[in-house]
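Participant: 3D model of this:
(chains A and B)
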2 protein chains.
Amino acid sequence: MELLPRQQVAFQRLLDTIRRGYERFGFVPVETPVFETVDTLLTKSGGETEKQVYFVQSTGALQQGNKPDIALRFDLTVPLARYVAEHERDLAFPFRRYQIQRVYRGERAQRGRFREFYQCDIDVIGKDSLSAHYDAEIPAVIYHVFSELDFGGFTINVNNRKVLLGLLDGLGVDDAEKRVLVLREIDKLDKIGRDKVRDSLTGLGMAADAAEKILSLIDAKGTNEETLAALGALGIENETFRQGVAELTTVIQGLKALQVPDGVVRINLAIARGLDYYTGTVYETFLNDHPGIGSVCSGGRYDNLASHYTKSKLPGVGISIGATRLFYQLMEAGIIKDGGATAQVLVTQMDPALSADYYGLATALRAAGINTEIQLDGGKLAKQMKYADKAGIPLVVLMGSDEKARGTATLKHLVKGEQVEVPLADLAAKAKELLGA
Amino acid sequence: MELLPRQQVAFQRLLDTIRRGYERFGFVPVETPVFETVDTLLTKSGGETEKQVYFVQSTGALQQGNKPDIALRFDLTVPLARYVAEHERDLAFPFRRYQIQRVYRGERAQRGRFREFYQCDIDVIGKDSLSAHYDAEIPAVIYHVFSELDFGGFTINVNNRKVLLGLLDGLGVDDAEKRVLVLREIDKLDKIGRDKVRDSLTGLGMAADAAEKILSLIDAKGTNEETLAALGALGIENETFRQGVAELTTVIQGLKALQVPDGVVRINLAIARGLDYYTGTVYETFLNDHPGIGSVCSGGRYDNLASHYTKSKLPGVGISIGATRLFYQLMEAGIIKDGGATAQVLVTQMDPALSADYYGLATALRAAGINTEIQLDGGKLAKQMKYADKAGIPLVVLMGSDEKARGTATLKHLVKGEQVEVPLADLAAKAKELLGA
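Facilitator: Got it, this is the predicted structure:
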């Protein structure tokens, strides 16, 4: 994805809003190099990821026919694990980091899929332990960020894999591998519907009444409190199940204390997240008016971030926003419009003899904190106005020799159509007023 | 270079300041993909650059033994040329873009040299022509940005290659190749001194009196006005020379109108810049107290940006700040200190029974625009305070059951040592006051 400047301004605004939201909750920035060693990158991944890696070789290495030993990161989680393991002694735990960088996947380029795209991640990493209260904070961050982004209503789906795993265990599905297969089918409930999932479950050897019981539970559309009550009423003594329900209760109560409105967060027992990486709470976020986009912010809790790189136990919880895809989809849907220029004011050159005055005006406006541009080539005024319009600069300053004699200049707002002559001493203040800043 | 979070905060502040400065002058953002095709990247470069390129191959391409057809950008100029040529019809000219991205060079990693580093570039690209007034604006941007960065005094050296080339032509050195060799020697004047440069020039076949004449002129330490007057007084009729002096005069006069203080910009006729790429004005910027760092911001005017990619004539002028190297050097020199945390306030948990109250306080502080963190694990208060200290969070909120009963909380500033109990309604305002915001 390569953007034109006015689109880039809008994209930059998206990234800035996400970053500001993450910082509002005290997350600290980390950037890692785009390269990781092949050893680091390919420890945990299976064949699927390996197929998508971009290998890197300098000219010299290529000529010598060496095998590449570095590659581009394909997510921000592997670099985070390596980073935390490497700098463990220098970090304050719980370590709350955000990372907004591009990642690279060697996929065939197709509409809406990118080989290079931004991920905006937050994670909280504990040392040895991390309480479930952190699982409650994450949706509060999502709520804050997506409220600021202002893309309309959204719903944060929350679940806990322990609830489902414990439930299956309680229903007699006690084989770990089979449970994973069952979870994968359950995850499809919102997409393919109850009947098809029931068939898949019985196909996997589950008793029809057990399948029906679990689907009734998952498919119920109650409030979060009703869902928690229904889970409690099942009377299942399974320890994993009990833990999962307790964690889910902590999350829902925490979100109330953090004043996230009812209705924004919804327990959805069907959300299992494909990745076996997650061990407890999981999140998926949907835009209410654009369900087709899929989850715009997902993540969850994991038991141990960096077992490949350190002996320390580092449990964590985090989420990721795929900003490039989100931006692209919302631009296509007309939700995100082009941004304006970065310049708020264009000082025009009506009279070449006054150019030193124009330079002075621009300097004064900049000193007042207003982003200001001069068309230094001068030329016909109509051409300068056309430039302001094409570039998206809302306000222009006009000063001819008459105005100069009166010690004034004229401000013209190209969108509002307003025009006003003001004393030079008031120029910056009036410009700010017209800009609505 | 991989930074710890508190260093990353400081680095982020550096990039933000540069970006804000660029936007203050109305430059618009562009980001290009990290990959360019090998064809695009290696058109203009000679052997030196080619040795430093990182080639990229996906797993599939590597297995098939294909030659790599994409590589990582090694600067931001080649991507800019490709970008402008590709999007020419959609851009408003003069096109003023800034680009703050990482570039990659396959150099051997060594102290202060990085294989991956940030460049922060601005360029103004004209269509067919671009007046020398733009050459005057560029040092005004440098002045603004480095004033905001606040690294102490700095000097922007300005020269114009036409002055030197015309001068040499006037002195009888009319062979183009030889003039380039002479310029390269002159460029060393500040480093190796006048005697050695004179020897080199006569070694290149220049007459001793001509060499002496040019060195006297270049070595004179007058004001900019005196230098311009001295150039005018030479009475050289060469057209290139005359143009160069006129452009240099435009730059110096423009900077006066833009209110850049005398003394910050200095005409330095010795600055020739190694790159033959530049055709007129050239810039180099030095920190007065750290000359050893070398130029921290360089650039110049070029006749045609994108001759390899389009038939349009696109003259431009621009500069680049190598932010990674600058940051590293100033951190080593102790000029840049670690940044603080992103969180300004830590809400502590004195009493686990009040956790819902603490969540509420944090939410209120965040709503007031204060970056706020809660240590959700709770635990001993001393441990929470120690965390605030290690993480660099300046202000903590304390509330026990007594304070809760009184409807108050205590704010404690860990650096200033100040402590004050305030009604909850005033908490955010008082916190802002203590933070000096």
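Participant: going forward, measure contacts and count neighbours with C-alpha atoms only.
Facilitator: Fine.
Participant: Show me what the nearest residue to A:Leu398 once chain neighbours are set aside is bridged to.
Facilitator: Nearest in space to A:Leu398, with sequence neighbours left out and distances taken as CA to CA, 6 or more residues apart in numbering or on different chains, is A:Thr410 at 5.0 Å. The partner list for A:Thr410 in beta bridges (DSSP bridges) reads A:Leu398, A:Glu421.
Participant: so which strand or helix has A:His308?
Facilitator: For A:His308, there is no host helix or strand (DSSP states H and E).
Participant: Can you get me a residue count around the closest residue in space to it that isn't next to it in sequence?
Facilitator: Spatial nearest neighbour of A:His308, excluding adjacent residues (CA to CA, 6+ apart): A:Thr43 at 7.2 Å. Counted by other CA atoms under 10 Å in any protein chain shown, the residues lying close to A:Thr43 total 12.
Participant: Then A:Ile214?
Facilitator: Other residues lying near A:Ile214 total 18 when counted by other CA under 10 Å.
Participant: Also A:Asp351?
Facilitator: Neighbour count for A:Asp351, taken as other CA under 10 Å: 16.
Participant: Relative to chain B, how far out is the closest residue to it other than its chain neighbours?
Facilitator: Nearest non-adjacent residue to A:Asp351, counting by CA to CA, 6+ apart: A:Gly400, 6.2 Å away. Between A:Gly400 and chain B the computed distance is 17 Å (CA to the nearest CA, to the nearest Å).
Participant: Next, A:Gly400: phi, psi?
Facilitator: Main-chain torsions, A:Gly400, degrees, to the nearest 10: phi -100, psi -170.
Participant: now do A:Met385
Facilitator: Torsion angles, degrees, to the nearest 10, at A:Met385: phi -60, psi -40.
Participant: who touches it in this structure?
Facilitator: Residues in contact with A:Met385 (CA atoms under 8 Å, 6 or more residues apart in numbering or on different chains) are A:348, A:396.
Participant: what separates the residue nearest to A:Leu398 from A:Ala341, distance-wise?
Facilitator: Taking CA to CA, to the nearest Å as the measure, A:Thr410 falls 21 Å from A:Ala341.
Participant: cool, and A:Thr240?
Facilitator: For A:Thr240, the distance to A:Ala341 equals 55 Å [CA to CA].
Participant: Specify which residue of those two has the higher count of neighbours.
Facilitator: A:Ala341 (26 against 19).
Participant: so what's the closest residue to A:Gln243 other than its chain neighbours up against?
Facilitator: Excluding the flanking residues, the one nearest A:Gln243 by CA to CA, 6+ apart is A:Lys162, at 7.1 Å. Contacts for A:Lys162 (CA under 8 Å, 6+ apart) come out as A:240-241, A:243-245, A:279-280.
Participant: Could you pick out the residues of the stretch 251-400 of chain A near chain B for me?
Facilitator: A:254, A:257-259, A:341-344, A:356-357, A:359-360, A:362-363, A:366, A:369-373, A:376-377, A:387, A:390-391 (CA under 8 Å from any CA of the partner chain).
Participant: Looking at the residues you listed, which are in strands?
Facilitator: Residues from these lying in strands, with DSSP state E as the criterion: A:372-373.
Participant: Of the residues of the stretch 251-400 of chain A next to chain B, select the buried ones using a PyMOL command.
Facilitator: In PyMOL, a selection of the buried entries from these looks like this (16 or more other CA atoms under 10 Å in any protein chain shown):
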select buried, chain A and resi 254+257+258+341+342+343+344+356+357+359+362+363+366+370+371+372+373+376+377+387+391
